[in-house]
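Q: Structure for this input, please:
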Amino acid sequence: MKKLIYILSIILIQASCSDSNQKKRTVTETRFLSGISNDSLKIRTEYKLVKTITDSVMEFDYISVTDSTRNFSVSFKKHQSELILGFTRYKINKNNDLNNIIISNYQFESYIHITPEIDGMGPILFNQNYGILAIGNPLGPAAAFTKNKPKFEVVNEIFEKLF
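A: All right, here's what the predicted structure looks like:
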């Protein structure tokens, strides 16, 4: 009996260690936030995007260069194809993808709330290689995150896909 408990203990320890020893890869990129409200550009600022990639989850940390109160994080659960922003979970909406070579070589999928919220943020245009392209916000400015400072027409095209 003691031998069985010993063997089970070793198996449990190995199982718990294998999750913590997942290979992690970190990538840092620059993004420019363009915020638009009432068809007018309201804000344009620089962000540092830090992506932490493991076998099952990708973490995207958006760090504002000018205002740390605007920092936020998003998790992407690979196996469930699910985004988590704050306490809100998002799923793919297959009817509203965006593909524009000027913006990126990646196709962006639209994500909507799993549990609809009247005043919640969304939809979100996202690609797991790029991160968030845009976030809709019914109560304030919508946001687009591009690799460079785009022309207003490009930002406007992104926002047309959101609403």
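Q: For the rest of this, base every contact and every neighbour count on C-alpha atoms.
A: Fine.
Q: got a list of contacts for stretch 74-88?
A: Contact with stretch 74-88 is made by 56-61, 73, 89-92, 111, 113, 128, as judged by C-alpha atoms under 8 Å, 6 or more residues apart in numbering.
Q: Please identify which helix or strand holds residue 153.
A: Using DSSP states H and E, residue 153 sits within helix 152-162.
Q: Could you report the distance from residue 65 to residue 89?
A: Counting by C-alpha to C-alpha, to the nearest Å, the gap from residue 65 to residue 89 is 27 Å.
Q: neighbour-wise, which of those two wins?
A: Counting neighbours by other C-alpha atoms under 10 Å for residue 65 and for residue 89 shows that residue 89 has the greater number, 18 against 13.
Q: between the helix or strand hosting that one and helix 152-162, how many degrees?
A: Using DSSP H and E, residue 89 sits within strand 88-98. Here strand 88-98 runs at an angle of 120 degrees relative to helix 152-162 (axes from the mean of the first three to the mean of the last three C-alpha atoms, to 10 degrees).
Q: residue boundaries of the strands in the protein?
A: Under the criterion DSSP state E, strands of the chain are mapped to 25-37, 40-53, 57-64, 72-77, 82-85, 88-98, 108-113, 124-127, 131-135, 142-146.
Q: Mean pLDDT and distance to residue 153 for the ones you listed - can I get that in JSON lines?
A: Shown next, in JSON lines, are those (pLDDT from 0 to 100; distance: least, C-alpha to C-alpha, whole Å):
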{"stretch": "strand 25-37", "mean pLDDT": "87", "distance to residue 153": "12"}
{"stretch": "strand 40-53", "mean pLDDT": "84", "distance to residue 153": "11"}
{"stretch": "strand 57-64", "mean pLDDT": "95", "distance to residue 153": "24"}
{"stretch": "strand 72-77", "mean pLDDT": "95", "distance to residue 153": "26"}
{"stretch": "strand 82-85", "mean pLDDT": "92", "distance to residue 153": "27"}
{"stretch": "strand 88-98", "mean pLDDT": "80", "distance to residue 153": "15"}
{"stretch": "strand 108-113", "mean pLDDT": "86", "distance to residue 153": "18"}
{"stretch": "strand 124-127", "mean pLDDT": "90", "distance to residue 153": "17"}
{"stretch": "strand 131-135", "mean pLDDT": "90", "distance to residue 153": "15"}
{"stretch": "strand 142-146", "mean pLDDT": "86", "distance to residue 153": "12"}
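Q: This completes my enquiry, with thanks.
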